[in-house]
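In: Predicted coordinates and the sequence they were generated for:
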Amino acid sequence: MTIRFGHYLAAAALLAFLPAAAYAATDEQKKDAYAIVEKNTQTINDIADSIYYFAEMGMQETESTKLLKDTMEAAGFKVEMGGAGMPTNFWASYGSGHPYIVIETEIDALPGGSQTPLEFEHKPLIPGAPGHMEGHNTHGGVATAAAFAVKQVMDKYHLPGTIALNFGPAEEEIASRPFIVKSGAFKDVDAAIYLHIGENFTTGWGLQNYAAIGVQFAFHGKSSHAAVDPWDGKNALDALELMDNGVAFLRQQMEPTYRIHRSIMNGGIQPNVIPDFTKIWYFVRDATMPKARATYDKLLNIAKGADLMTGTTHDVIYQASAWPALSNKAMAQVVLKNYTAVGLPKWSDEEQKFARDFQKAEDKPVIGLATTLPDVGSRPQSTASNDSGDISWVVPAVVYTFPASVPGIPYHNWVAAVTPTSTIAHKGEIAGAKALAGSVLDFMTSPDVLKAAHDEFDQATKTTPYFSLVPDGQQPDIDLDKDIMAQYRPAMSKFYLHKTPRYN
Ligand SMILES: [Zn+2]
């Protein structure tokens, strides 16, 4: 932290010698950025639509990142793949030194989300295949466009610093960012913007969502005939059930903010064999990571108790974790100004009618597409989790959503895969890229904003210092979702768009 702030001061000192025009993002610079985004509309939409049809699940984003790598290298960025031990971890950068601003987002799809675009009925392109039922495909277009526009403005106005872009793998399984943070990728970064599709331009400050820890307990016992000599067995299913009962009894002693949910991965094979192996997977969540961690520690003890009662042993398998996203107020205020400057897309009558018909078909409030920016202020803390949260505890960060979804249509449901290649999404991508480029330019040229952001960050992290949940030596699960993609990719590849998007 101290080191990074030192870099920032050095950058500020350097900036002091530059002409005033280079000291804060001017209207002229932003107009240039907007024009670059607009000029590249087709490229942006092509990137987003291509990724929609790749529809790759976590850690398997090979086609998506190949397209992004080719595009950004052709645009003059240096692209590094494979950071933190994950082949689909994408990091592109341009420029050098400070200020160092990173746009971070993701491009993974969800299982069973395949859908024919623009159809209100459930018509998968390929039954059972993954699909973009949260619109992460749009992130590819918006993030690359903003980074490219910033690069062009940096060149034209000789702005010092570095713009970088990180597509982290497997956001849906909160499986990569804790590893990326642990690898030190953000240690020299001055500020980060976390980009996500939404129904409107929104940002906020304070805790945005929940902490989560995913952990599996695998119990090992001893098999025996369940009728002939059960006394010779050590029942791994009993251990699992006793553990889950222990967790159930714990629930009454929990603070109201907690969440615990679980899935039994392996409960034995058939009743006449005392099982020697079972596995249960928990998600422990809470409003803060220290509270989630305290509950997690209780689960570790409950598992030991289950062993004592049954004579089994067990393994604790770290599966995933996410700190709640801490969004920075000083940065959010800059983002809000950029939302206002760009404004919402001008929706056509057809688009508004489509949205209303869709909302009606899904039994949601028939309100059409967003036409006014939301009220300014802090957003209520969501009980969902996103592993980009970890980044926000090692560098000042702000959440940023752009209007590319139909209001009320729920994510993680095939219905949300209806519009991510529509003109609604396309217009949202352009508006999203403009306000994102403007925000990044403001951060790159406003030492006072970065200082305020760092002061605020220091205060928050002094109260709650970051700790990593990733056990030492733990490797990311890069085979995650490999089998699903192997099963469906051949059929999915028939829908690939075969575009070669290029920025200019
Ligand atoms: Zn998402």
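Out: Alright, I've got the coordinates. Numbers count the residues shown, from 1 in each chain.
In: can you pull out the strands in the stretch 1-150 of the chain?
Out: For the stretch 1-150 of the chain, strands defined by DSSP state E, counting those that start in this stretch occupy the ranges 78-81, 90-96, 100-105.
In: partner strands of the shortest one, parallel or antiparallel?
Out: Right, strand 78-81. The pairing partners recorded for strand 78-81 under DSSP bridges are strand 90-96 (antiparallel).
In: Packed most tightly, which of the strands of the stretch 1-150 of the chain would that be?
Out: Comparing the strands of the stretch 1-150 of the chain by mean neighbour count (mean count of other C-beta atoms under 10 Å), strand 100-105 ranks first with a mean of 25. Where C-beta positions appear, they are placed from N, C-alpha and C, glycine not excepted.
In: Quick check: which helices or strands does it pack against?
Out: Judged by 3 or more C-beta pairs under 8 Å, 6 or more residues apart in numbering; DSSP states H and E, the packing partners of strand 100-105 are helix 137-157, strand 161-167, strand 191-198, helix 423-445.
In: possible to save these as JSON lines with mean neighbour count?
Out: Below are these laid out as JSON lines (neighbours: other C-beta atoms under 10 Å):
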{"stretch": "helix 137-157", "mean neighbour count": "26"}
{"stretch": "strand 161-167", "mean neighbour count": "25"}
{"stretch": "strand 191-198", "mean neighbour count": "24"}
{"stretch": "helix 423-445", "mean neighbour count": "27"}
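In: Same list, the ones you listed, but as JSON lines with distance to Glu73 and mean pLDDT please.
Out: Below are the helices and strands packed on strand 100-105 laid out as JSON lines (distance: least, C-beta to C-beta, whole Å; pLDDT from 0 to 100):
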{"stretch": "helix 137-157", "distance to Glu73": "11", "mean pLDDT": "98"}
{"stretch": "strand 161-167", "distance to Glu73": "12", "mean pLDDT": "98"}
{"stretch": "strand 191-198", "distance to Glu73": "21", "mean pLDDT": "98"}
{"stretch": "helix 423-445", "distance to Glu73": "19", "mean pLDDT": "98"}
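In: shaky segments in the chain?
Out: Applying pLDDT under 70 to the chain picks out residues 1-24, 377-378.
In: Next up, the contacts around the residue nearest the centre of it.
Out: Centre of the chain computed as the mean C-alpha position; nearest residue by C-alpha atoms, centre = their mean is Glu171, 4.5 Å away. Contact analysis of Glu171 by C-beta atoms under 8 Å, 6 or more residues apart in numbering lists 58, 106, 108, 136, 177, 386-388.
In: how about those residues, which pair is most distant?
Out: Maximum pairwise distance among the contacts of Glu171 (C-beta to C-beta): 14.4 Å, between His136 and Arg177.
In: on that earlier part again, how far away is the residue nearest to the centre of the chain from Asp375?
Out: Remark: distance between Glu171 and Asp375 (C-beta to C-beta, to the nearest Å) = 27 Å.
In: again with Ala109
Out: 32 Å.
In: Mind checking which of those two has more residues around it?
Out: Legend: neighbour count by other C-beta atoms under 10 Å for Ala109 and Asp375, higher for Ala109 (31 against 6).
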